[in-house]
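*Asks:* From the sequence below, what's the structure:
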Amino acid sequence: MKLVLARHGQTPANVEKRLSSLPPGEPLTELGRAQARALGARLAGADVTAVYSSVAIRAQQTAAPVAAAHSLDVTVVEGVHELYVGDLEERADDAAREIFHATDTAWHRGESHVRLPGGESAADVWARFRPVVEEITAEASGTVVLVSHGGAIRIVAGAMVGRPTLPGYLPNTGLVVLRARANGRWELESVDETVPQPGDVTAGGPAE
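*Replies:* Reported below is the predicted structural model:
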């Protein structure tokens, strides 16, 4: 089976480069809705057997066209929301983005217990995400789609394949595709990467 981790479509916070992590959060922009429809069309030919979403509105709206293309419902699950940025919540200033970028760099070095000020560490995110992934893939076949968030996906996909985090930039509605192997192991099949967007640091973009 395959697990497809999809980042949500564009939101106002993405446009404004705000660090916005708390659910339920904002809905998609007009462009974000178009991106979600395009994602549904992109995955229409895949053997999708289940579609899951975080509790965030933006993730549910992104998942809806994917599920509709396969006559499935979106199952909303707890524990797979964006990493909590704590004291940086809703900030869009250079200092906040630099703090996040420095913390993300530490995670990429393998320092998973480093925390954002007042927020989560990479280890925290993986601890709450892991049991959900195990549950939704335990008896699954075909392709399972989980719509989540840039920062969380980079941490979780990395952990699943034995890396501190995934490097690079994951765009809105970008996909990370993982293939199940024997003994509960996973291998990285593909990652959608594009030119990093400065300020979109949760998705791996540089701080401005």
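*Asks:* so where do the strands sit in this structure?
*Replies:* 2-7, 48-53, 74-76, 143-148, 175-180, 186-191 (DSSP state E).
*Asks:* Same list (those) but as a markdown table, adding mean neighbour count and distance to Glu111.
*Replies:* Heads up, the C-betas are built off the backbone N, CA and C, glycines and all. A markdown table is the format used below for the strands of the chain (neighbours: other CB atoms under 10 Å; distance: least, CB to CB, whole Å):
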| stretch | mean neighbour count | distance to Glu111 |
| --- | --- | --- |
| strand 2-7 | 25 | 23 |
| strand 48-53 | 22 | 29 |
| strand 74-76 | 16 | 32 |
| strand 143-148 | 25 | 22 |
| strand 175-180 | 20 | 22 |
| strand 186-191 | 15 | 22 |
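*Asks:* Just put those in a markdown table and tack on distance to Ala203.
*Replies:* Shown next, in a markdown table, are those (distance: least, CB to CB, whole Å):
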| stretch | distance to Ala203 |
| --- | --- |
| strand 2-7 | 7 |
| strand 48-53 | 18 |
| strand 74-76 | 22 |
| strand 143-148 | 12 |
| strand 175-180 | 11 |
| strand 186-191 | 12 |
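*Asks:* Quick check: closest non-adjacent residue to the residue most central in space within the chain.
*Replies:* When the chain is reduced to its mean C-alpha position, the nearest residue by CA atoms, centre = their mean turns out to be His149, at 2.7 Å. Nearest-residue entry for His149: Glu82, 3.6 Å, with adjacent residues in sequence omitted and distances by CB to CB, 6 or more residues apart in numbering.
*Asks:* Repeat that for Met160.
*Replies:* Counting by CB to CB, 6+ apart, Met160 lies nearest to Trp186, which is 4.5 Å off, once chain neighbours are set aside.
*Asks:* close enough to count as contact, the one you found and Leu3?
*Replies:* Yes: assessed by CB atoms under 8 Å, Trp186 is found in contact with Leu3 at 7.4 Å.
*Asks:* Give me the common contacts of those two.
*Replies:* 178, 180 (CB atoms under 8 Å, 6 or more residues apart in numbering).
*Asks:* re earlier: for the residue nearest to His149, the count of nearby residues, please.
*Replies:* By the criterion of other CB atoms under 10 Å, Glu82 has 26 neighbours.
*Asks:* Likewise for Ala182?
*Replies:* For Ala182, using other CB under 10 Å, the count is 5.
*Asks:* mind checking how far it is from Val74?
*Replies:* Here Ala182 is placed at a distance of 30 Å from Val74 (CB to CB, to the nearest Å).
*Asks:* chain center to stretch 162-179, what's the gap?
*Replies:* 8 Å (CA atoms, centre = their mean, to the nearest Å).
*Asks:* can you give me the mean pLDDT across it?
*Replies:* The average pLDDT for stretch 162-179 rounds to 96.
*Asks:* Make 20 the starting number, not 1.
*Replies:* Shifting the count to begin at 20 puts that one at stretch 181-198.
*Asks:* got the contact list for Val220?
*Replies:* 38, 116, 119-120, 123, 226.
*Asks:* For the residue nearest to the centre of the chain, give me its contacts.
*Replies:* Contact analysis of His168 by CB under 8 Å, 6+ apart lists 26-27, 40, 73, 75, 78, 100-102, 221.
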